[in-house]
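1. Below is the structure, and that's it, no one-letter string:
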């Protein structure tokens with residue numbers, strides 16, 4: 001994976017990844033984190049919920065944002081300083097998400113990059129909206 005230099009990153013630059021959420025993603029995430037909320041792991045329980053079926057963990061989707069930031073933009077040699085998230089719609093098994101990070105601001109004296117971070121499903125519905133703050137370390 002190529003490393004972008006801080007100087008080469010411009011306001012308006014963006015990067016995206018697309019992933020389809022599977023049963024395996026939810027099971028593995030639950031196992032790794034210990035988050036066994038029945039909305040995520042118990043089909044019978046979730047069927048009686050307001051969602052009518054199991055939904056993905058919000059932080060699983062947030063992990064996809066981390067993937068864009070760490071591998072694409074700003075990419076390697078980046079330090080994640082903060083993230084604000086608003087979960088705006090449920091993510092269900094089989095949903096295909098496009099996760100996008102867009103540079104909104106740069107602070108050259110500290111090598112800080114602010115990005116808008118979003119996730120939309122295959123119907124174009126926003127499921128997560130937020131912002132991230134990243135420090136691009138000097139080489």
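-> Ah, there it is. Because the structure is a prediction, the values reported are computed rather than measured.
2. Could you report the distance from the residue nearest in space to the middle of the chain to residue 43?
-> Centre of the chain computed as the mean C-alpha position; nearest residue by Cα atoms, centre = their mean is residue 65, 2.3 Å away. The gap separating residue 65 from residue 43 is 27 Å, by Cβ to Cβ, to the nearest Å. To be clear about C-beta, it is placed using only N, CA and C from the backbone, and glycine gets the same treatment.
3. what does residue 116 give?
-> For residue 116, the distance to residue 43 (Cβ to Cβ) stands at 34 Å.
4. and these two? which has more neighbours close in?
-> residue 116 (15 against 11; other Cβ atoms under 10 Å).
5. tell me the contacts of the more buried one?
-> Residues counted as contacts of residue 116 (Cβ atoms under 8 Å, 6 or more residues apart in numbering) are 101-102, 104, 129-131.
6. I'd like to know how many residues surround residue 78.
-> Quick note: residue 78 (other Cβ under 10 Å) scores 22 neighbours.
7. Bridged to it, which residues?
-> When assigned by DSSP bridges, residue 78 has beta-bridge partners residue 136.
8. go on, residue 87?
-> Judged by DSSP bridges, the bridge partners of residue 87 are residue 128.
9. I'd say it and residue 130 touch.
-> No - Residue 87 is beyond contact range of residue 130, at 9.1 Å (criterion: Cβ atoms under 8 Å).
10. Helix, strand or coil: sort out the spatially closest residue to residue 47 that is not a sequence neighbour for me.
-> Nearest non-adjacent residue to residue 47, counting by Cβ to Cβ, 6 or more residues apart in numbering: residue 53, 6.2 Å away. Three-state assignment for residue 53 (DSSP: H, G, I helix; E, B strand; the rest coil): coil.
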